[in-house]
Each structure stands twice: as structure tokens, then as C-alpha cells.
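>>> what shape does this take:
(chains A and B)
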There are 2 protein chains.
Amino acid sequence: MKLFVLGCYSATPRAYTHPTAQVLDIKNHLFLIDCGEGTQVQLRKQKVKFARIKHIFISHLHGDHFFGLPGLISTFRLLGREAPLHIYGPKGIKEAITLMLKLGKSWTNYPLIFHELESTESECVFEDEKVEVYTIPLDHRIYTNGFLFREKPGQRKLNVEAAEHYGVETCYFRNIKLGKDITLDDGRVISNKELSFDPPPVKSYAFCSDTRYNERIIPVIKGVDWLYHEATFLDVHADLASPTGHSTAKEAATIAKKAGVGTLILGHYSTRYDVLEAFAEEAAEIFENTELADDGKVFEY
Amino acid sequence: MKLFVLGCYSATPRAYTHPTAQVLDIKNHLFLIDCGEGTQVQLRKQKVKFARIKHIFISHLHGDHFFGLPGLISTFRLLGREAPLHIYGPKGIKEAITLMLKLGKSWTNYPLIFHELESTESECVFEDEKVEVYTIPLDHRIYTNGFLFREKPGQRKLNVEAAEHYGVETCYFRNIKLGKDITLDDGRVISNKELSFDPPPVKSYAFCSDTRYNERIIPVIKGVDWLYHEATFLDVHADLASPTGHSTAKEAATIAKKAGVGTLILGHYSTRYDVLEAFAEEAAEIFENTELADDGKVFEY
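Purely as a prediction, here's the structure:
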């Protein structure tokens, strides 16, 4: 699992910071998460292959999270894309994108499939044999979802030595990997546990931006390996957080602790702060395993 | 007169080139011309004061010319702007911007005034005592206008020596600057030409992108000091120009020559070309005084 942070600053741009966009590389999928202005250029700088992006997840319709989307969709067209592109985002996103393309008479020549979200409960929005994606309803100024990306458990691993010891024939190996017990020719039943090892643990990533401090997300994100949680403010500006629909580093860390996550990744910093160390320090007092996102940074697990 | 080229490449982005956007500094106005994605960041890099931009001219509704506009409008709001912002562009631009802001519940707290354009004849879209702006109907795949920016003639300059020679009283100086003849106390009429010098010549700039080779623009742009004319292709790819609604460097130079302009500035290069010298060489064979636009380049007159 690999996370490319393309941009992780809040709205007001400075010359060298970028609004929210990330690419999650998980089980051979490249999921684009949010698409602030300039995302396509950041994708180029990170050398992400455009053609490999087939699913885009948009948390909410504030500009710093989706104004890069019309341009990216147009660029896909110019690059001759043919593969379908799935876009998951709040209701209204289809109308906006459609209008922008219609005005330019630039409709895509590849299928553009919108999955508009309205539910205020967590729901599964994508699933294949290897990965599932759930929404994480957040509490912001407008309708907003985070997204939980989770690998599905793989097959059990054959214990070759044990299989040989019992003389299990190779035609049964598939069933062993699927978790089944095996009956030998002499009638003895060998339990699957003796013949196989547990599959590697599943990895998971929860993206939570933008949101107020909101304990309702804890059951959804419980125990994830990585939690990206917005920390627009430091505790010294806590009075600004709730009215603007944002969190402090301290609040992000509190959620991380209560949800028992592996690593907390902070981001969506207000551009009022020139240095970010204070975010890490503030969070680490509550939740030690905290990392700072930054534009261009790559996390690997 | 000063021209900041923020971006001058055609649509498909590379990591380090920018789509069309320019700022023209003329008679204390900062006019923004086109607003491709990433324009607000380019404005920051060029240290253009956001608050001084009061008029934005959009040539057409292809993404590489206006997908930066929603973000810039939002940023003005975040910066606490109060001054009205005037936007001149093709019909439809109001609906698009309004929808994007509505979805984010991010309506501006400053007046946003749209001037939607539909005419296929050149028309005056802005005028004050110092500057006038006309549309230049272009021939592209969708409805497109270039823009002609022209200073108005200033007042005549007082010939102090001549005024003293004739004993003209200072109360008449204003009339002399306004071009009037003066009647002395003894009844003699002194012609204005004897008492004043011509005002400095007016400067003018014509922005023409995107367009096919189109001689119909020549009467509108005749004799301008600077002509920015798109040159998406080199002559070797001339077969691509007309079908895509673009021009070659050779065609741009031909227009410059026929219109008798001062300097031709080329831009909107297709990203298929890695070096730009060939554009200058091709154009200079027909029109010697040719310059190449480039991202971040500033022209001054």
C-alpha cells in the first residue's frame, strides 16, 4: 500500500502549496482521492500513469477538493483515453462536470460514470475481489464523505511441509488455500489449520477531510493502518475549528487514539502556519505515531 | 504597458508548462486575460496583487482558457475581497461559475458581475477615460473572442516657451491641453498647434487566441503595438491547424504583416514541440519583429 500526497494544504493558495489530492496505490488499483486545482500537474510531477486511474473519489464540492476535476477529465480525453472513468462524489457533481464539458463542446470519448452520493450513513461504494471502499460520513459545512479503503483477506497459504507429511495430493491444494479441511484416503480428517498459514493481514486506509471533531466516525475507521485526518488548525486556534467545520491537530489525535489506528497522518493545514512541526508535536502528546503529510510526500507500507 | 505571460501552452499539460493566462498592465489597470487551471498560483509566483485585478476577459470556454476561474473567484472570497469583479466571456460562463459556487455553498461576498458576449462583430466591452477594450471575433471550434486593449489619447502637452512668448495667462493652460485655440487680450487668435505638443502616442495590445488563420481580424487589429497571436503548430503540421481551429507560426506572421503591427508575440504552442526556436524562425521569415511568449516572461513597452 502506497500513498502519494499530491497536495495537502487548505484552500487559500500560496505559490508553492497545493490543495487536497492524493493517490492510493492498493492491490494494483490507483485510486485518486480529491482533486483540487492543479492535481493533473502534480500527477505528472509524481510520474503517476494517468491511464491507471480508473476511480476518483471526491469528498465534497468545495473548490480546493474538486476544481481540478474538469481539467483532469479533459486531459484524459486529449490523451486519447478509452477506458471508463468512475467518479464518486456528492450529488451535484455530475451536473457541474457535465455543464463544464458541454460549454466547451468537449464531451469525453470515453465513458464517464458518475456515482452520486447522498447517504449520511457509511455505505460500500466500490468492491471487487481484492478491495472494498466505504464512505465515512463527515461533519463539515456542506455534505462531505471521507473514504475507507480496505483490502479483502487473501487466500490462506499452503503449509507445504505439513501437506507432504500427511501425503495430501496436489489436487487438494486449492481447497486448502480456500480454508477447507481435508479428508485423507484412510478417512482421517486433517483440519485446515494444520495444513495452512493465515493469509497476510489486510491493510486499510481511512481518508477523513474536511471535518469537525466527530466521534461518530470511530466505529467505521476502527483499527485502520493509516488514518489521514485533517488538522486545519492548532489548538491555539481551536475557537476557529468548529465554526469553519474543521479540526485541530489535538482533535485529530484524539480520534486516532480512540479508534486505535496504526499511524495518524495529518494534513489540510491552514496556510496561516509557516512551519508544521507544531502540528506533529501537538498530536504526538495524545497519539504518538503521528506523521505529517506534505505535498509530494509518499507513504509506503 | 506591461504584459505578464502566466501561461502560454496549449491544453495537454506537462509538469512544467501552463495553459493560457496573461495579465496586461495598462494605464493603471491590471486586466487578466484568460484563466487556465493554475492561474492563481502563477499570479502568486509573478507577485501580481490579487486585489488590483478588477476585470477578467475570457476568450472561450475550453478548459485550458477558463478552468482556473472558479478557483480564483473562490480565492478572492477567502482573501476578504470587497471590490466588484467584472467577468467578460461567452454566454454560459455565468451559469458555469454560478453552479460551481452554489454547489460549494461558497457564494462570493463581493459583487460578481458577468458581461456575457454573443456578438460575432467586434464590440466595445469596456471603456473609461483612459482605456478601451474591444472584442476581436475569432474563428475557433467554439464561440471565441480575442480582445483589443487600447489607450485613449491623453491631453496635449503645453509648450511652455510658446505660452510665455505670447504672454498667455495660466488660466488658459487647461484649454490649451484640451486642444483649443487661444484668443489673446489684443484679439489675436493663436492656434493650438503653436501652443502645445502632440500627446504621447497611444499604446495598444491585441490578444488573439485560439483561432484559425482569419483575415477578418485585420481591420480590428491594424497597427497595434503588440499582437499576441496563437501559433499552435509549425508549418510542417499545417494540415492539423485548420481542422482543430488553430494556426501555424507562418500564418500568425502573415496576419502580423498584413495588419502592420509593431511586434508579434507567439504562443499557445502544442506540447508536441520540445523547443520553440523553430516557431520564431518560421515566423521571422515573414515578419521579422517576432517574439516568443513563455511562461513567466514579461514584456514591457
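>>> poorly predicted segments of chain A, please.
A:13 (pLDDT under 70).
>>> quick one: name the residues of it near chain B.
A:11-15, A:37-38, A:40-41, A:44-45, A:60-64, A:67-68, A:70-71, A:74-75, A:78-79, A:90, A:92-93, A:95-96, A:99-100, A:103-106, A:141-142 (C-beta under 8 Å from any C-beta of the partner chain). (Glycine included, C-beta is placed from N, CA and C.)
>>> let's see which of those end up in helices.
A:40-41, A:44-45, A:63-64, A:70-71, A:74-75, A:78, A:93, A:95-96, A:99-100, A:103 (DSSP state H).
>>> that older thread, mind giving me the ChimeraX select for the residues of chain A next to chain B, buried ones only?
ChimeraX command restricting the residues of chain A next to chain B to the buried ones, with burial defined by 16 or more other C-beta atoms under 10 Å in any protein chain shown:
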select /A:11,12,13,37,38,40,41,44,45,60,61,62,63,64,67,68,70,71,74,75,90,92,93,96,99,100,103,104,106,141
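>>> burial check on A:Ile182, number of neighbours?
20 (other C-beta atoms under 10 Å in any protein chain shown).
>>> also A:Glu121?
A:Glu121: 7 neighbours (other C-beta under 10 Å).
>>> may I have the beta-bridge partners of the nearest residue to it once chain neighbours are set aside?
Closest residue in space to A:Glu121, ignoring its immediate chain neighbours: A:Pro137 at 6.6 Å, by C-beta to C-beta, 6 or more residues apart in numbering or on different chains. With DSSP bridges applied, A:Pro137 shows beta-bridge pairing to A:Asn145.
>>> show me the contacts for A:Pro137.
Under the criterion of C-beta atoms under 8 Å, 6 or more residues apart in numbering or on different chains, the neighbours of A:Pro137 are A:119-122, A:144-146, A:216-217.
>>> any idea which element A:His165 lies in?
helix A:160-166 (DSSP states H and E).
>>> quick check, A:Gln22 in contact with A:Leu6.
Yes. Using C-beta atoms under 8 Å, A:Gln22 makes contact with A:Leu6 at a distance of 6.1 Å.
>>> coming back round to it: top of the contacts of A:Pro137 by neighbour count?
Most neighbours among those, by other C-beta under 10 Å: A:Gly146, with 29 neighbours.
>>> neighbours of the residue nearest to that one when sequence neighbours are not counted, how many?
Leaving aside its sequence neighbours, A:Gly146 sits nearest to A:Ile136 (C-beta to C-beta, 6+ apart; 3.5 Å). Using other C-beta under 10 Å, the number of residues around A:Ile136 comes to 20.
>>> go on, the one 3 residues further on?
By the criterion of other C-beta under 10 Å, A:Asp139 has 16 neighbours.
>>> phi first, then psi, for it.
phi -120, psi 90 (degrees, to the nearest 10).
>>> what sits against it?
Counting by C-beta under 8 Å, 6+ apart, A:Asp139 has contacts A:211-212, A:214, A:216, A:245.
>>> farthest-apart pair in those residues, please.
Spanning the widest gap among those are A:Arg216 and A:Gly245, at 14.5 Å by C-beta to C-beta.
>>> tell me the contacts of the residue nearest to A:Gly146?
Applying C-beta under 8 Å, 6+ apart, the residues near A:Ile136 are A:122, A:145-148, A:206-208, A:217, A:220-221.
>>> likewise for A:Ile97?
Taking C-beta under 8 Å, 6+ apart as the contact definition, A:Ile97 lies against A:69-70, A:73, A:87, A:112, A:114.
>>> which among those residues gets closest to chain B?
Proximity of the contacts of A:Ile97 to chain B (C-beta to the nearest C-beta) peaks at A:Pro70, which lies at 5.3 Å.
>>> if I look at the residue nearest to that closest one when sequence neighbours are not counted, how far off is B:Leu43?
Nearest residue to A:Pro70 in three dimensions, chain neighbours excluded: A:Met100, at 4.4 Å (C-beta to C-beta, 6+ apart). Remark: distance between A:Met100 and B:Leu43 (C-beta to C-beta, to the nearest Å) = 22 Å.
>>> A:Glu116: how many residues sit nearby?
A:Glu116 has 13 neighbours, counted by other C-beta under 10 Å.
>>> what of A:Tyr166?
Residues near A:Tyr166, counting by other C-beta under 10 Å: 15.
>>> what do you get for the one 5 residues further on?
The burial count assigned to A:Cys171 is 7, neighbours taken as other C-beta under 10 Å.
>>> ok so, going back, among the contacts of A:Ile136, which are in helices?
A:220-221.
>>> nearest to A:Glu281 among the contacts of A:Ile136?
A:Cys208 (20.8 Å).
>>> isn't the closest one right up against A:Glu230?
Yes. Judged on C-beta under 8 Å, A:Cys208 makes contact with A:Glu230 at a distance of 6.5 Å.
>>> wait, a helix at A:Leu266?
No. Using DSSP: H, G, I helix; E, B strand; the rest coil, the assignment for A:Leu266 is strand, not a helix.
>>> still on that earlier bit, against A:Val23, how distant is the residue nearest to A:Gly146?
18 Å.
>>> do A:Thr290 as well
Distance from A:Thr290 to A:Val23, by C-beta to C-beta: 22 Å.
>>> tell me the residue furthest from the middle of chain A?
The C-alpha centroid of chain A is most remote from A:Asp186, which lies 50.1 Å away (C-alpha atoms, centre = their mean).
>>> tell me the SS of it?
A:Asp186 - assigned by three-state DSSP - is coil.
>>> how about the strands in the stretch 1-150 of chain A?
With DSSP state E, counting those that start in this stretch, the ranges of strands along the stretch 1-150 of chain A come out as A:2-7, A:21-26, A:29-35, A:53-57, A:85-90, A:112-117, A:124-127, A:131-137, A:145-151.
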